[in-house]
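> with the sequence up front, the predicted model follows.
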Amino acid sequence: MVLSISGVVLLGIICFLFFKKDGMKLTHAVVSALFGFFLAGSAIAPSITASTASLASLLGGIKL
């Protein structure tokens with residue numbers, strides 16, 4: 001993978017600042033999409049997938 005973790009962290013910080021300061025605009029959404037694309041190719045992707053699946057099963061098991 002060409003992009004290192006520091007690049008993913010940088011894109012994450014930029015996405016956070018865009019959302020916090022100006023709200024999401026089209027260019028901000030493009031940066032966020034790139035962040036998601038590069039994050040999916042990083043070493044932390046399996047952990048994110050497992051955490052998301054675990055959270056989904058936890059929420060799915062809640063009886064109201």
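Arrived safely, thanks for sending.
> tell me how far Phe38 lies from Ser57.
27 Å (C-beta to C-beta, to the nearest Å). Quick note: C-beta positions are derived from backbone N, CA and C, even for glycine.
> now for the helix or strand that Val31 is a member of, which elements pack on it?
Assigned by DSSP states H and E, Val31 belongs to helix 26-40. Contact here means 3 or more C-beta pairs under 8 Å, 6 or more residues apart in numbering; DSSP states H and E; on that basis helix 26-40 packs against helix 5-21.
> report the angle between the axes of the helix it packs on and helix 26-40?
Calculated by axes from the mean of the first three to the mean of the last three C-alpha atoms, to 10 degrees, helix 5-21 forms an angle of 150 degrees with helix 26-40.
> mean confidence for stretch 53-62?
Across stretch 53-62, the average pLDDT comes to 83.
> how near is Ile44 to Gly36?
Using C-beta to C-beta, we find Ile44 at a distance of 12 Å from Gly36.
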